[in-house]
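Participant: Sequence and predicted model, in that order:
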Amino acid sequence: MDRDAAKGLEAEIVGYFRCPDAERMVACFAAEPVDEAWRAQTVLTLPVFLALVLDQAPDVASALVEAIKGGDPVKVEVTAQALNYSHHPERRRLMEALVGEAAAGSMDAAGADFKGFALTHPVHVDMLWAAFFATGDGVYVRRIAELLDGWMPEGQMQPLLAVAARDEDAAKRAMAGVLAAAAQGSLAAHAREFSEVRTALAAAASRRDGLGSALAAKILAGAMN
């Protein structure tokens, strides 16, 4: 979610935590056309953002459901997942109004915890960014910065990927490297703009305990120049 390239809804998301306006966000989401710009990552990460918006501004949940129900099926699915992730006190009633009683009955019992969930796919890095943009909470950026500890050169990564399907240890190490690469790119993209990112990188760099710290220092230096 690079602000320089962001347009429409994506630009609203990236700037949300600096000036949160839940009603405006609901209207923007409702008005945004679903087209080729909606990548698979959008459908997976947008519910995280919306869930946390609803947690902070529960009064807009009914307006969100009313604006989306019966409309574009992609937006209906995104909204349903946002309700499932959320901790809204009337989430089951809202889910039933959106997609019916059966879906409401199959919701996760207590919503989702994005500060503690296990990271097992690169899209989870995007989910953490979505959570940060919704809340401004630096804990999400710190989790991303911690992923740098798994970084490895490409020459070490490829042999691990080649055997990952049949070697559990290699698969874990390879995924750590993949997550580190995703973290590196996104941290570098946002470090200049967001002080929270620079703070997380400075904390990681100050450990001076390995490649992750060195990489954090390198990204930070690039943002400061």
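Facilitator: Done, it's in.

Participant: Contacts only, for Val76.
Facilitator: 68-70, 98-99 (C-beta atoms under 8 Å, 6 or more residues apart in numbering). The way it works is simple: take the backbone N, C-alpha and C, and place the C-beta from them, glycine included.

Participant: Spatially, which residue comes closest to Trp84, not counting chain neighbours?
Facilitator: Let me fix one detail, which is that residue 84 is Asn and not Trp. Excluding its sequence neighbours, the residue lying closest to Asn84 (C-beta to C-beta, 6 or more residues apart in numbering) is Met107, at 5.1 Å.

Participant: Tell me the confidence at the one you found?
Facilitator: Per-residue confidence (pLDDT) for Met107: 93.

Participant: quick one: contacts for it?
Facilitator: Met107 touches 83-84, 91-92, 95, counting by C-beta under 8 Å, 6+ apart.

Participant: tell me the secondary structure for it?
Facilitator: What DSSP: H, G, I helix; E, B strand; the rest coil gives for Met107 is coil.

Participant: Sort out for me which of the contacts of Met107 are in helices.
Facilitator: 83-84, 91-92, 95 (DSSP state H).

Participant: Most neighbours out of those, which is it?
Facilitator: Leu83 (30 neighbours; other C-beta atoms under 10 Å).

Participant: which residue is nearest the middle of this protein?
Facilitator: Met127 (1.7 Å; C-alpha atoms, centre = their mean).

Participant: how close does that residue get to Ala51?
Facilitator: Distance from Met127 to Ala51, counting by C-beta to C-beta, to the nearest Å: 10 Å.

Participant: out of everything not next to it in sequence, what's closest to Ala82?
Facilitator: Closest to Ala82 by C-beta to C-beta, 6+ apart is Leu50, at 3.7 Å.
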